[in-house]
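>>> 3D, please:
(chains A and B)
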Number of protein chains: 2
Amino acid sequence: MTFPVVGMVGGGQLARMTHEAGIPLGIRFKLLSDTPQDSAAQVVGDVVVGDYRDLDTLREFARGCDVITFDHEHVPTEHLRALEADGIPVRPGPDALVHAQDKGVMRARLDAIGVPCPRHRIVSDPQDVAAFAAEGDGFPVVLKTVRGGYDGKGVWVVDSAEEAAEPFRAGVPVLAEEKVDYVRELAANVVRSPHGQAVAYPVVESRQVNGVCDTVIAPAPGLDESLALHAEEMALRIAKELGVVGHLAVELFQTRDGRVLVNELAMRPHNSGHWSQDGAITSQFANHVRAVLDLPLGDPRPRAKWTVMVNVLGGDYPDMYSAYLHCMARDPQLKIHMYGKDVKPGRKVGHVNTYGDDLDDVLERARHAAGYLRGTITE
Amino acid sequence: MTFPVVGMVGGGQLARMTHEAGIPLGIRFKLLSDTPQDSAAQVVGDVVVGDYRDLDTLREFARGCDVITFDHEHVPTEHLRALEADGIPVRPGPDALVHAQDKGVMRARLDAIGVPCPRHRIVSDPQDVAAFAAEGDGFPVVLKTVRGGYDGKGVWVVDSAEEAAEPFRAGVPVLAEEKVDYVRELAANVVRSPHGQAVAYPVVESRQVNGVCDTVIAPAPGLDESLALHAEEMALRIAKELGVVGHLAVELFQTRDGRVLVNELAMRPHNSGHWSQDGAITSQFANHVRAVLDLPLGDPRPRAKWTVMVNVLGGDYPDMYSAYLHCMARDPQLKIHMYGKDVKPGRKVGHVNTYGDDLDDVLERARHAAGYLRGTITE
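Numbering: from 1, shown residues only, chains lettered A, B, ... in the order given. Next up is the predicted model:
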């Protein structure tokens, strides 16, 4: 059969779970991985080990792929353009992806299309940070390097100009943003295909611990229906205006005064969408594959009243196997997703999903399992 | 992390889907496949290409595996005993597996434990078939070679001694069975782990076309609750008495007079359990992996009121891709499972699952998609 080949750049857990979702679709999956031990490289048949920063490696990898997509946003824009010039579809394409790579470009573009964001501007040095603070409600101010940050890295919250020196040391432009007075964080996940079909997942609540996603609740409890619809429409509009193909996660602040502001964009399957593996009719991973191949998209609606995802972070014990056994025995409905990664303290090594009709119960089960796997709960 | 390695012998679609189910479990999966093009070999990372009938190949493959399990029942018993003697857990073990390999052994054992079967005995020649017929209600009589049959192959329904010559030509013992007056076929799927934990899936209705499974409805519509419970208990008892580890499918006849008789046994994930991928809390594939690793089993209960599976057989057109696209566009809730196999007329190349509250609708959607993929429905 002439089913297409999806080339995935990056061997992390997102690639691993995309491969899993691609198996029933019957597509061929080819992986470019940094090492043979990477999370996805352990489970994919067709693996090329190489450096995505090297254009020749990318070109060689892309040969025989019908489309190239990504586990991360770090491939240099000029390499993506070179692949496109070679005739390889790159999805999302470089013109879209730059908005997930560069927070300065992202903010400028969202301003241009009228999407509400925290007050922001590029700042040149600590004195300029003080000026930015004075232009608004003062400190604290959030500083972000425009490129290279993730999971709280590359982000600083500063209370004075004196504290603002660190972000400028990397020599990368720095974006200053107001510290939003938010009641919680939300995420609007949408998937868009090249011919313009798009689907929206229910808006979820995302809880962070130390800047890292900890818990996702789908749908966001108690969210006003019109605000949910507004957030979904905003995400769909961003996907369309920016020409996103594939999965787009729009991380949002829900403000105390009832608005939503865009925090970050990610153009790939996203941690805030992992619940969809067990909680939606079609998972974000399956829909990402369908989108990049321009196949009709699957139904994104939830299958359960509540689905909760909690990340499993590495703890002090390198071997989770006996904890894993305990969790399965305690809760036969628990859905465990392990990434095959070595345990290091604080590292995302898996997640658990639970679902059901009673949110308290669903939350408790997910938290207990994730805590037990990490070693912070021992009974 | 010290997660275990499951060695799977056989590269068919059952291995493919078992690998898919093993990815979130974080286990390592190693495959022994006849060719690099086999259904599972396309998607598994760690593939050994070799002949499972060769003991040295099996031994070499088993090195580094924590357990060996199977995509099919064709591995010679003496090889399995040799692996066990080497200290490799083989699950299901040879003493259990022989009941799925040899219908004569299976019938004798089920008789011994008092499980109801069609009237049967080993017959020696066509005259003996006539004698077997005369002992009961006469012709027709079902003849089966005790080894080597599947999907209707190795099975004959004969109306006279004259028609009974063919089955004896292979030189394999032949089992004669009464032609049961059944209203429908059912299947009871159970999973059992080495420490004796067992779970039962709801009893399903299985509809065959030309001896090949066509449609499975979960749960079996209108099945009397006590008969369903009886069938589940029977399957659990067979699993226990025969020492099965992993998935056991018990194919059943529901007779006109309200009994169930055992037709066949399969000790591996089975076509009658494919619905569980999208219709149960834990799929048969995930539970098979959990069982062979002696992990606690997952909840086998259904997630939807009705789930229907229809097999996709190859039709006259080698390329299903445009039909596949059409099916996705027509039904965004459709779950397609393609096996990556070349299309040949009548060959199982995939299946579709649908689920919902209205059985007529769920059945129609699955049948339409499977028919469209095969090419027998064109609008």
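>>> ranges for the strands of the stretch 1-150 of chain A?
Shown for the stretch 1-150 of chain A, the strands assigned by DSSP state E, counting those that start in this stretch span residues A:5-9, A:28-33, A:46-49, A:67-70, A:120-123, A:141-145.
>>> let's have those in a markdown table, adding distance to chain B, mean pLDDT and mean neighbour count.
Glycine gets a C-beta too; all of them are placed from N, C-alpha and C. Below are these laid out as a markdown table (distance: least, CB to the nearest CB, whole Å; pLDDT from 0 to 100; neighbours: other CB atoms under 10 Å in any protein chain shown):
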| stretch | distance to chain B | mean pLDDT | mean neighbour count |
| --- | --- | --- | --- |
| strand A:5-9 | 11 | 98 | 25 |
| strand A:28-33 | 7 | 97 | 24 |
| strand A:46-49 | 7 | 97 | 17 |
| strand A:67-70 | 14 | 98 | 26 |
| strand A:120-123 | 38 | 97 | 18 |
| strand A:141-145 | 33 | 95 | 22 |
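>>> just for the stretch 101-250 of chain A, where's the confidence low?
Applying pLDDT under 70 to the stretch 101-250 of chain A flags the ranges A:149-152.
>>> residue in it nearest to chain B?
residue A:199 (8.1 Å; CB to the nearest CB).
>>> who touches the strand or helix carrying that residue?
In this structure, residue A:199 sits in strand A:198-200 according to DSSP states H and E. The contact list for strand A:198-200 (CB atoms under 8 Å, 6 or more residues apart in numbering or on different chains) reads A:188-192, A:232, A:235-236, A:239-240, A:282, A:287, A:297-300.
>>> stretch A:161-178: how far from the chain's middle?
With CA atoms, centre = their mean, to the nearest Å as the basis, stretch A:161-178 stands 24 Å off its chain's centre.
>>> quick check: domain ranges of chain A?
A:5-90, A:119-178, A:182-374 (automatic domain parsing).
>>> could you check how far whatever residue of the stretch 251-379 of chain A ends up closest to chain B is from residue B:244?
With CB to the nearest CB, the shortest gap between the stretch 251-379 of chain A and chain B falls at residue A:338, namely 2.6 Å. Using CB to CB, to the nearest Å, residue A:338 is found at 27 Å from residue B:244.
>>> looking at these two, which has the bigger crowd around it?
residue B:244 (27 against 24; other CB atoms under 10 Å in any protein chain shown).
>>> just to revisit the earlier point, what residues are bridge-paired with the residue of the stretch 251-379 of chain A closest to chain B?
In this entry, residue A:338 is beta-bridged to residue A:350, by DSSP bridges.
>>> these two touch, right, it and residue B:26?
Yes. With contact defined as CB atoms under 8 Å, residue A:338 counts as touching residue B:26 (2.6 Å).
>>> tell me how far stretch A:211-227 lies from the chain's centre.
15 Å.
>>> same check on stretch A:249-268?
13 Å.
>>> end-to-end on it?
7 Å (CA to CA, to the nearest Å).
>>> tell me which residues of stretch A:57-65 come out buried.
Neighbour counts over stretch A:57-65 (16 or more other CB atoms under 10 Å in any protein chain shown) mark A:57, A:58, A:61, A:62, A:65 as buried.
>>> next one: residue A:298 from residue A:69, what distance?
17 Å.
>>> with residue A:85 instead?
18 Å.
>>> next: residue A:84.
According to CB to CB, residue A:84 and residue A:69 sit 13 Å apart.
>>> okay, and the common contacts of those two?
Listed as contacting both residue A:84 and residue A:69 by CB under 8 Å, 6+ apart are residue A:90.
>>> middle-most residue in chain A, spatially?
Centroid-nearest residue in chain A, with CA atoms, centre = their mean: residue A:270, separated by 2.7 Å.
>>> ok, the closest residue to that residue other than its chain neighbours - contacts?
Nearest residue to residue A:270 in three dimensions, chain neighbours excluded: residue A:249, at 3.4 Å (CB to CB, 6 or more residues apart in numbering or on different chains). Going by CB under 8 Å, 6+ apart, residue A:249 touches A:187, A:188, A:189, A:265, A:266, A:267, A:268, A:270, A:272, A:273.
>>> what's the farthest-apart pair in those residues?
A:188 and A:268 (15.1 Å; CB to CB).
>>> ok so, going back, what's the spacing between the residue of the stretch 251-379 of chain A closest to chain B and residue A:308?
18 Å.
>>> would you say residue A:355 is within a strand?
Yes. With DSSP: H, G, I helix; E, B strand; the rest coil as the criterion, residue A:355 is part of a strand.
>>> verify the stated contact: it with residue A:280.
No. Here residue A:355 lies out of contact with residue A:280, judged by CB under 8 Å, at a distance of 10.0 Å.
>>> what about residue A:14, how many residues nearby?
Residue A:14 is flanked by 27 other residues according to other CB under 10 Å.
>>> pretty sure it contacts residue A:268?
Yes. Taking CB under 8 Å as the definition, residue A:14 is a contact partner of residue A:268 at 6.0 Å.
>>> need the residues touching each of the two.
Residues touching both residue A:14 and residue A:268 (CB under 8 Å, 6+ apart): A:71, A:72.
>>> need the contact list for whichever residue of the stretch 1-150 of chain A sits closest to chain B.
With CB to the nearest CB as the measure, residue A:26 is the residue of the stretch 1-150 of chain A nearest to chain B, at 2.6 Å. By CB under 8 Å, 6+ apart, the contact set of residue A:26 is A:1, A:3, B:324, B:336, B:337, B:338, B:339, B:340, B:350.
>>> now do residue A:274
Residue A:274 sits next to A:17, A:216, A:284, A:309, A:337, A:351, A:353 when contact means CB under 8 Å, 6+ apart.
>>> now the residues you listed as TSV including distance to residue A:113?
Supplementary listing: these in TSV, determined by distance: CB to CB, whole Å:
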residue	distance to residue A:113
A:17	31
A:216	27
A:284	24
A:309	30
A:337	35
A:351	33
A:353	34
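>>> confirm the residue nearest to residue A:270 sits in a helix?
No. Under three-state DSSP, residue A:249 falls outside any helix and is assigned strand.
>>> ok, what's across the strand from it?
Taking DSSP bridges as the rule, residue A:249 bridges to residue A:189, residue A:266.
>>> next up, the contacts around residue A:365.
Residue A:365 sits in contact with A:308, A:331, A:333, A:334, A:354, where contact means CB under 8 Å, 6+ apart.
>>> mind listing what the second one touches?
What it means is residue A:331. By CB under 8 Å, 6+ apart, the residues touching residue A:331 are A:354, A:365, A:368, A:369.
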